[in-house]
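>>> give the three-dimensional model of this entry:
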Amino acid sequence: MAAYSVRIAWDKTSLLESFQSKLDEFEPKLSDSVISLLESYQIEAQEVVPKFSGETANAIEIEVTGTNGSVIPTGEASAFIILGVEPHKIKAIHKAALFWPGAEHPVKEVNNPGTPPNDFMQTAYDNVDPDPILEQFHEWLAE
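Next comes the predicted model:
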């Protein structure tokens, strides 16, 4: 019986160059995807945060290090909004009385009814669909 053999020879240079090109672009492309995703979360958080003065919405920041990042609420009121506030008294300490626009008259103290927790950051996270951004990265990877 005759023996047959098949030998295939090919130049791997172009394939290796292609792999190296993808490898060189991998981290910057991944970083771009991470930034896009974080920006989506930031925009959504700015939309869903309770707006009293706009300060809290404007103080939602992005921090990125390489391919890692966070969306962080840095406004003074953020923790109080997210965690809520128990009912409590507010007393005049540095002045003789408290007064604010709309108050009938100055008072020595006022009962704050508190506020329920509002984890607007979690709401933003839940509202954002990361799939389009991730699919875009996967498509680039598969090219």
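
>>> for the chain, which spans come out with low pLDDT?
Within the chain, the segments meeting pLDDT under 70 span 1.

>>> center of it, which residue is that?
The centroid of the chain falls nearest to V71 when counting by Cα atoms, centre = their mean (3.4 Å).

>>> pretty sure S40 contacts I133?
Yes - with contacts counted by Cβ atoms under 8 Å, S40 reaches I133, the gap being 7.0 Å. C-beta: built from backbone N, CA, C; applies to glycine.

>>> in this structure, where's the longest helix?
When secondary structure is assigned using DSSP state H, the longest helix within the chain turns out to be helix 13-48.

>>> what is it packed up against?
helix 55-58, strand 60-65, strand 68-73, helix 120-127, helix 131-142 (3 or more Cβ pairs under 8 Å, 6 or more residues apart in numbering; DSSP states H and E).

>>> show me what contacts V48?
When contacts are counted by Cβ atoms under 8 Å, 6 or more residues apart in numbering, V48 is found next to F120, T123, A124, N127.

>>> my bad, K22
Taking Cβ under 8 Å, 6+ apart, we find K22 in contact with L141.

>>> now T123: closest residue in space that isn't a chain neighbour?
V48 (4.9 Å; Cβ to Cβ, 6 or more residues apart in numbering).

>>> from S5, how far out is the one you found?
Here the criterion is Cβ to Cβ, to the nearest Å. By it, V48 lies 67 Å from S5.

>>> skipping adjacent residues, who's closest to V107 in space?
L98 (5.4 Å).

>>> one more: T115?
Of all residues not flanking T115 in the chain, V85 sits nearest, at 4.9 Å (Cβ to Cβ, 6+ apart).

>>> what's stretch 95-115 in contact with?
Residues from elsewhere that reach stretch 95-115 (Cβ under 8 Å, 6+ apart): F80, I81, G84, V85, E86, P87, H88, K89, I90, K91, A92.

>>> identify the residue spatially nearest to the third one, adjacent ones excluded.
Right, the one you point to is G84. G84 sits nearest to P117 (Cβ to Cβ, 6+ apart), 3.6 Å away.
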